[in-house]
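K.L.:
have a look at this prediction, sequence included:
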Amino acid sequence: MREEKKQKLRDAGYRVTDTKAFLGLSDSEAALIELKIVGKRRQRPARHRNARVPQATAGGVGSPS
């Protein structure tokens, strides 16, 4: 989050913190979550790259399109 936005939130009376502090996570719990997020972000492009459009799938199994 931009520092300007953080300051506006603080000025409005909000408390600005990170996810780890908000959820009360330990260092190892936060690291595990970060690792899972990174893994999912790396998987996403591969899923999209390997996805087939319905017409291509239908043609691949010999169905009329």
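P.N.:
Looks like it arrived, so ask away.

K.L.:
quick one: average pLDDT of stretch 18-34?
P.N.:
Throughout stretch 18-34, pLDDT has a mean value of 93.

K.L.:
with only the CA atoms kept, save it in CSV.
P.N.:
Taking Å, rounded to 0.1, in the frame of the first residue of the first chain, the C-alpha atoms of stretch 18-34 are listed here in CSV:
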residue,chain,number,x,y,z
ASP,A,18,0.4,-6.3,8.1
THR,A,19,-1.4,-9.6,7.7
LYS,A,20,0.9,-11.4,10.1
ALA,A,21,0.2,-9.0,12.9
PHE,A,22,-3.6,-8.8,12.1
LEU,A,23,-4.0,-12.6,12.2
GLY,A,24,-1.4,-13.1,15.0
LEU,A,25,0.7,-15.5,12.9
SER,A,26,4.1,-16.8,14.0
ASP,A,27,7.1,-16.3,11.6
SER,A,28,6.9,-19.9,10.5
GLU,A,29,3.1,-19.7,9.8
ALA,A,30,3.6,-16.5,7.8
ALA,A,31,6.4,-18.1,5.8
LEU,A,32,4.3,-21.1,5.0
ILE,A,33,1.5,-18.9,3.7
GLU,A,34,3.9,-16.9,1.6
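
K.L.:
now do the buried residues in the helix or strand hosting Arg41.
P.N.:
Using DSSP states H and E, Arg41 sits within helix 27-50. Across helix 27-50, burial judged by 16 or more other Cβ atoms under 10 Å covers no residue at all. Every C-beta, even on glycine, is put in place using the N, C-alpha and C of the backbone.

K.L.:
determine the set of other helices and strands touching it.
P.N.:
Contacts defined by 3 or more Cβ pairs under 8 Å, 6 or more residues apart in numbering; DSSP states H and E place helix 27-50 against helix 19-23.

K.L.:
ok, and what's touching the helix it packs on?
P.N.:
Outside helix 19-23, the residues that touch it by Cβ atoms under 8 Å, 6 or more residues apart in numbering are Leu25, Ala30, Ile33.

K.L.:
now the second one, nearest residue through space, not along the chain?
P.N.:
The spatially closest residue to Ala30, leaving aside those adjacent along the chain, is Lys20, at 4.4 Å (Cβ to Cβ, 6 or more residues apart in numbering).
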